[in-house]
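A.B. asks: Okay, here's the prediction I keep looking at, along with the sequence it came from:
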2 protein chains.
Amino acid sequence: MKRRDFLKSTALGLGMATALAPAPGSACPGGLRGTGDLALIVERANGSVLIVDTTAHKVVHRVEGLGDLSHASAVYSRDERYAYIFGRDGGLTKLDILEGAIVKRVLQAGNAIGGAISDDGRLVAVSNYKPGGVRVFDAATLDPVADIPATFGEGKRSKTVGLVDAPGRRFVFTLYDASEIWIADFSSGAEPRMTRFTGIGDLPYDALITGDGRHYIAGLFGEDGLTHIDLWADAPAPRRILSGYGKGEKKLPVYKMPHLEGWALAGGKFLLPAVGRHELLVLDAASFKEAGRVGVHGQPVFAVARPDGRQVWVNFAHPLNDTIQVVDIPSLTVVHEFKPGPAALHMEFAPRGAEVWLSVRDRDEVHVYDARSFAKLSVLPAQKPSGIFMTARAHRIGL
Amino acid sequence: MKRRDFLKSTALGLGMATALAPAPGSACPGGLRGTGDLALIVERANGSVLIVDTTAHKVVHRVEGLGDLSHASAVYSRDERYAYIFGRDGGLTKLDILEGAIVKRVLQAGNAIGGAISDDGRLVAVSNYKPGGVRVFDAATLDPVADIPATFGEGKRSKTVGLVDAPGRRFVFTLYDASEIWIADFSSGAEPRMTRFTGIGDLPYDALITGDGRHYIAGLFGEDGLTHIDLWADAPAPRRILSGYGKGEKKLPVYKMPHLEGWALAGGKFLLPAVGRHELLVLDAASFKEAGRVGVHGQPVFAVARPDGRQVWVNFAHPLNDTIQVVDIPSLTVVHEFKPGPAALHMEFAPRGAEVWLSVRDRDEVHVYDARSFAKLSVLPAQKPSGIFMTARAHRIGL
């Protein structure tokens, strides 16, 4: 007899059927349910997150007590039950999204920016500003596994940025102050084998890895250009791409640094936000040469590809952050524009692209749109919402 | 008080703590758990399936009574709780993989081959041999939504093959007897808008769609060649590719038709099994022209890319089906070969590529390998196992 059958029949025998019988459609008082359609929405001002059901368009839980969540991000365990949330205050929180409860929380550094989970789901790495470096934890227990100080020069430590997972139990990250890119390879155990690339360019501020884990690209704030490493090469080496893309043009003040994790690979092209310009740079994904520009409404922050890669959704820095534009890839033209409201700063597509979820921070709302008809399907209340993270990320390289 | 707390305290009051207390780490008698790391393994001879935990490498449930499961396949609901299993006997079964129980089962045709779920998770489509055509069901209830008979000529009906989902609530499939490809577009509701392409080639026996939902490619058994449709084109049209790839060579008897859903897109190339030849055809993914051949051990059945696309694993038709070869993509050479046992016919990679699961049918075993070191990690007993379907498929286009 299954345990739940035992429960039910015992309850009936005691005349407690109403209290103990499972809810209709559920065998479980806590709510037995799949986790493939859940998502986490960061409420940055409160140190709280919402767990939402992306099928029903409903809030399931609010969880509080996560510290400073400005710039917070999240990754998922491979069973899609636990979220690891990286706070700005160095907090690393393991959250049970089914129960809506914190499992464990550690303050692992004084100031941090993002993290990653290894391809086998066993290691969680956090990118730290203070003290500069990467710390790696056991995903099950949050016990420390490795500490990688980002040392350079005469005893200096660099902020680390652009931390991503790469196939083969590796993490790749960039040293902002040192102009270096490091690979930490944990394939042999808890002691990483390190690879260091130096002189990769001036002020690398963020980076991405392609969905196949092959190409790592860092954006440079100190110069017009980017740095690319082909991790498949026998001897991987950084090379500059798109050098001097803004040569001879007057620099605009930068209102908000673009986010490179939002870079879109679509139809054989990368679309990426140019720093401080009202345009997207188009990069041929095979040659890594410039393949065009797309003029847009303002300084782009995120350029996110719809999962089929046919369109890219773009949002913008202050003071133009109330607007979203949609770019068609084959024609590289803006085909749709709308104004969801002030501070429309984060977008997340359903994994097969039917819908897009959008945080409209200064309206305290999350909107759900049909990603093809652009119809607004739902509005959910949320307190100063920012990043939206669907559980499908558990299954993607580099997210 | 949460319901589970109520349960526990009631149980304690009655002296039943041992029986009613939840298992450690679980709040729920039935086993509250995430579903992102579950998989389904078809036991073809028994009409049963196993539900397995791919993290623990353990069988969670065996579910029986699913009819004729030769050539069976499965897709998942967007919450990764329900599997839809397509049996050869026309049976369509909705399975609750958390409970390990059949939710509903309909015999929707006399003979069927595969199915698909729409990008919004609302519609399940089944490809039928008898009566030839596609039937579409409500994913929640399995109530019929649409019936699309594959009619051609003078009141004839064709078998349908190569049924896949495409973005925008579409299904694409091929008419084996009619040499046609049809698109059923459900974006406006339950009445599909149909597009038909005729004369697409002789005896199209299977098809694939690329992971971005852009390219649909059908294999031809009646001629050396394939047919390609770019679904992004303003006016999509079929065109022949790789025509006459075996011209002038002596045809070998075909022991088993290759499966095209296993076609591998890796590093900008498609690797696909040549019909009746001991080789993989290499197709440039941008130009759709031949870019080489890879000589392999036997007639390939599946060529499956590791999720990072760096390697492709290949298995073979009888009498060479005890062997697996691994092809390195940049060099197009075989870099590893091993013999897991007789009838090693199905492979499934963990979604980020750390492991590969392999059915060894005639040994009644499922093996788990490290996808990089090739070390055998686990052996699970299974009765004549065939297809392996991980829940991560819920989030992929065309699976």
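C.D. replies: Cool, got the structure.
A.B. asks: from what I can see A:V326 touches A:V312, true?
C.D. replies: Yes. The criterion here is CB atoms under 8 Å, and A:V326 meets it with A:V312 at 7.3 Å. Just so you know, the C-beta spots here come from the backbone N, C-alpha and C atoms, and that holds for glycine as well.
A.B. asks: who has more neighbours, the two?
C.D. replies: More crowded of A:V326 and A:V312, by other CB atoms under 10 Å in any protein chain shown: A:V312, with 30 against 18.
A.B. asks: List the residues that contact that one.
C.D. replies: Applying CB atoms under 8 Å, 6 or more residues apart in numbering or on different chains to A:V312 gives the contacts A:A264, A:A266, A:L271, A:L280, A:A303, A:V304, A:A305, A:R306, A:V326, A:V327, A:I329.
A.B. asks: Could you list which of the residues you listed belong to strands?
C.D. replies: Counting by DSSP state E, the part of these found in strands is A:A264, A:A266, A:L271, A:L280, A:A303, A:V304, A:A305, A:V326, A:V327.
A.B. asks: How about the last one: what's its closest non-neighbour residue?
C.D. replies: Think A:V327. Nearest non-adjacent residue to A:V327, counting by CB to CB, 6 or more residues apart in numbering or on different chains: A:V312, 4.6 Å away.
A.B. asks: which residues does that neighbour bridge with?
C.D. replies: A:A305, A:V327 (DSSP bridges).
A.B. asks: And for A:V356?
C.D. replies: A:F349, A:Y369.
A.B. asks: Count the neighbours of the nearest residue to A:H259 once chain neighbours are set aside for me.
C.D. replies: Once flanking residues are discounted, A:H259 sits nearest to A:F302: 5.4 Å by CB to CB, 6+ apart. Neighbour count for A:F302, taken as other CB under 10 Å: 21.
A.B. asks: Test my guess that A:F302 contacts A:M347.
C.D. replies: Yes. Using CB under 8 Å, A:F302 is in contact with A:M347, at 6.3 Å.
A.B. asks: Now do the contacts for A:R214.
C.D. replies: Contacts of A:R214 (CB under 8 Å, 6+ apart): A:D230, A:L231, A:W232, B:G267, B:D308, B:G309, B:R310.
A.B. asks: What residues does the stretch 201-350 of chain A have near chain B?
C.D. replies: Counting by CB under 8 Å from any CB of the partner chain, the stretch 201-350 of chain A comes close to chain B at A:212-214, A:232, A:267-268, A:286, A:307-310, A:330, A:350.
A.B. asks: circling back: make JSON lines out of the contacts of A:R214 and add pLDDT.
C.D. replies: Shown next, in JSON lines, are these (pLDDT from 0 to 100):
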{"residue": "A:D230", "pLDDT": "96"}
{"residue": "A:L231", "pLDDT": "96"}
{"residue": "A:W232", "pLDDT": "94"}
{"residue": "B:G267", "pLDDT": "75"}
{"residue": "B:D308", "pLDDT": "92"}
{"residue": "B:G309", "pLDDT": "91"}
{"residue": "B:R310", "pLDDT": "93"}
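A.B. asks: Buried among those? Need that as a selection in ChimeraX.
C.D. replies: The ChimeraX command for the buried members of those (criterion: 16 or more other CB atoms under 10 Å in any protein chain shown) is given here:
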select /A:231,232 /B:267,308,309,310
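A.B. asks: of the contacts of A:R214, closest to A:L38?
C.D. replies: Distance to A:L38, by CB to CB, is smallest for B:D308 among the contacts of A:R214, at 25.9 Å.
A.B. asks: Return the helix or strand in chain A with minimum mean pLDDT.
C.D. replies: helix A:17-20 (a mean of 28; mean pLDDT, DSSP states H and E).
A.B. asks: which residues sit against the following helix or strand past it?
C.D. replies: Moving toward the C-terminus from helix A:17-20, the next helix or strand (DSSP states H and E) is strand A:38-43. Contact with strand A:38-43 is made by A:49-54, A:60, A:62, A:69, A:72, A:74, A:80, A:83, A:85, A:95, A:97, A:348, A:357, A:359, A:366, A:382-391, B:79, as judged by CB under 8 Å, 6+ apart.
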